[in-house]
Each structure stands twice: as structure tokens, then as C-alpha cells.
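Participant: Structural data only, the sequence is not supplied:
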């Protein structure tokens, strides 16, 4: 197969989400700060192997997806098309939208928002050799074949688990292959009465001579089908990702503004950054928006802004005075809000919010608010190329500074990173 073929990701989002039990298509439900379909779009948009994205959406909601695409800056999306009443009908409509030019087609359930980029890479690579590719994982459960019995069922057969796989998506094909399989299916009068449940089933039935190669999937690549899946997806999407070590030389000449005292100022300066440190001694108090705004106006454009962690709080809420509560809230959530508002007109690269170590209800509520702010801002500012992250501190100042530096020079956004213990 020609490895230079265009690769098109097709997001099948035509379902209505009846089993989730909500009054909106499940792909538009918000999980971890984004709609489910946005998580899936982001994976395909960020995959260098993907040249184009086509979305098949529940009829009546296509304009909503177009708004999401425009707001999120998903430039690879070429079409948003109404889906069909079934999975196979949606795929058939997608094939009609793709035209006649040969390409690789990756058909993905839009409600699998945790697809790993590694899987897309391996699928496209496999399509250089194979005409059909499916993603699957081994079955960890024993699968039984039930047999009817008066009053219930009995075990009829225990299948060999070593040969069983659980199918996932994307399911990937050369366009001419999947189109030929569907043309035969649509011409078969019996297909409507016994439709295939997925695209590999159509190829297997109507082009049995075409082998379907398997690519290893992931346990995280779940399909959001039932209400409990929403909570699982939320937890998985909230898991922090490793911070990759980057090339600190890219900081040379960049403007880094640090509000508060942090070792990141010296570390960034050591790599050639132009660092501005704004502290209370300079009259800059993060709880006072006007003082922050004036200081940042004086600096001008900034590539990165870091809100340094202040003092932590460990006392219980019952023991905290009103002044203590005001100090913790002002230096934490309110301070982060003020800096974000004041920095936005000047910011070119990223905002990093550091959270001090601490314990108790007052600290926990403040830390959670700052983390939620970072995730929400990451979504709001993504279209402008501005990244926002949060780091929970507690390790040695130098380790916190180094991790902060790695975050600044990475492509991470919307992440909450824990650096609470040295060596962890």
C-alpha cells in the first residue's frame, strides 16, 4: 500500500445516548472540562498522521458541532455531516462524503474520548501493509455461551479466552475496500434484517477474502455507553500525564513573568529567559487585580506567566480565623483569577499556577478551585494557542522549579501535576 495516501479520521457521532439517560446526545456531554466529542476531535487533530477529519453527527446537532470546531480551532475538520439511524447507515453516509480519491479511512466512535495517539500511529502504519485493520484488546473475562433451559439459562459452552479479543475503534480501511464491502451490503436484501454491528463485520461478511489485521488497543479506550461510564471517563481524563523533559534552550530570549517568590525565576534566567519577578515588595498583590494589571501592563508582552506558590495552610477550618480564610482565598483562587484576567491581553505562550502544600478543608477547597480554573482556562484559550497548567507543590524548591520549567517548554495544557514529594 502507498504509505503516502491521505489519512482521514471519521468520527461517528450519530447516536442519541438513550442508555446514558440524558436528554442530549452523549457526545455533547461535558466530561473533564470538554464535551466528549471535543476530546476525540483533539486526539485526531493532534495526530500528525491524520490529514483530514469528517464528523458524522446526530441530525439536528450538526450546527452545534460546527460551533465547537470553530471555537476550538480544529482546522483538520473538513465536513460535519448528519449521521444515520444506525452505525452502518452513518458509515455509509461518511463514505459518500469522502469522494472517490483513494485514502486511508479511520472510523472511530466519537464516544471513545480516551483514544491514545499511539493507536492512531500504529493503525496508519499498519495500513501501509494491510487493507483492513481493527483495534482490539485481549478479554480479561471468561466468556460463556448460554443455552436455554426451562426457567432460565445454563452454560452451553466456555470459550477459549486466549483467542478472544474485545473490539474497539478506530476500525481502519483503504477507502476502496470499505466502500466495496458496503456497496455489496446495501445491495443485499437480507442485510437490513441482519445488519452488522460494526464496520469490520461488514467487511468480514462481504469481503471474506480480505484479512483484517489487529492492532493492540488500550483498556483506557472505553466507549461511553452507560451512566457509570461518564464517571470512569472523567477519572481517566483527570489522570495527570508525565511531564516530558524538554529543550530548555528554547527559553532563550523569551519573557517569563513570575508573581511571587519561586526558584523558577533563577532557573529560567539561567537558560537565557528575560525574567521579571513581581512581589509584594514591589507593591504587587495577587489578591488586588489593579496592582497585578498595572505591573503586567508595565512589562508588556509575556511568553510565560507563573503564579508562584505562597504559604500553605494546614489548620482545620474551625480553627481558621476570618483573616486566615481571606488570606488563603486571596492568595489562592482569587489570586489565580486576577492574574489570569490581567495576563490574558499580554500572554503569548502559557500560564502556570502553582499551588502551595497544605492540608485540611480550607486548603483542599482552594487547591481544587485553582485546578478547576486551570482546566477550564485551557479549554477557553486553546484556540489562541495559550496553554494553562497547574502544579501542586511540596517537594524541594529546586525540583518544583525544574518541573515547572519542563511544563513551560512542553505542549501540555489543562494538566494538574503533582510534585508534592521528592523522587515521586
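Facilitator: Sure thing, it's come through. The structure presented is a predicted model; accordingly, all values stated were derived computationally and were not measured. Residues are numbered from 1 along each chain as shown.
Participant: the bottom helix or strand of the chain by mean pLDDT?
Facilitator: In the chain, no helix or strand scores lower on mean pLDDT, DSSP states H and E than helix 322-329, which sits at a mean of 66.
Participant: quick one: the helices in the protein?
Facilitator: For the chain, applying DSSP state H gives helices covering 36-46, 62-72, 87-97, 117-126, 175-187, 199-206, 227-238, 264-270, 289-299, 322-329, 335-343, 360-380, 397-408.
Participant: Tell me the spacing between the closest residue to residue 282 other than its chain neighbours and residue 302.
Facilitator: Leaving aside its sequence neighbours, residue 282 sits nearest to residue 295 (C-beta to C-beta, 6 or more residues apart in numbering; 7.0 Å). For glycine as for every other residue, the C-beta is placed from the backbone atoms N, C-alpha and C. According to C-beta to C-beta, to the nearest Å, residue 295 and residue 302 sit 11 Å apart.
Participant: One more: residue 61?
Facilitator: 39 Å.
Participant: next one: residue 105
Facilitator: 43 Å.
Participant: More neighbours: which of these two?
Facilitator: Using other C-beta atoms under 10 Å as the criterion, residue 105 and residue 302 rank with residue 105 on top: 28 against 21.
Participant: how about the more buried one, what does it touch?
Facilitator: With contact set as C-beta atoms under 8 Å, 6 or more residues apart in numbering, residue 105 has these partners: 8, 10, 94, 95, 98, 172, 173, 174, 175, 178.
Participant: Equivalent analysis for residue 188, please.
Facilitator: Taking C-beta under 8 Å, 6+ apart, we find residue 188 in contact with residue 206.
Participant: 10 Å instead?
Facilitator: By C-beta atoms under 10 Å, 6 or more residues apart in numbering, the contact list for residue 188 reads 194, 205, 206.
Participant: what's around the first one, how many residues?
Facilitator: Which is residue 194. Residues near residue 194, counting by other C-beta under 10 Å: 8.
Participant: does it really touch residue 205, like I thought?
Facilitator: Yes. Contact criterion C-beta atoms under 10 Å: residue 194 and residue 205 qualify, at 9.2 Å.
Participant: what about the residue nearest to residue 282, how many neighbours?
Facilitator: Neighbour count for residue 295, taken as other C-beta under 10 Å: 20.
Participant: pLDDT score assigned to residue 393?
Facilitator: The score at residue 393 is 84. That number is its pLDDT.
Participant: Sorry, slip of the keys, the one I care about is residue 317.
Facilitator: pLDDT for residue 317: 65.
Participant: hang on, the earlier thing: of all the helices of the chain, which lies closest to residue 136?
Facilitator: helix 199-206 (9.4 Å; C-beta to C-beta).
Participant: tell me what the closest one is packed against?
Facilitator: Under the contact definition 3 or more C-beta pairs under 10 Å, 6 or more residues apart in numbering; DSSP states H and E, helix 199-206 sits against helix 87-97, strand 104-109, strand 132-138, strand 165-174, helix 175-187.
Participant: could you check the angle strand 104-109 makes with that helix?
Facilitator: 120 degrees (axes from the mean of the first three to the mean of the last three C-alpha atoms, to 10 degrees).
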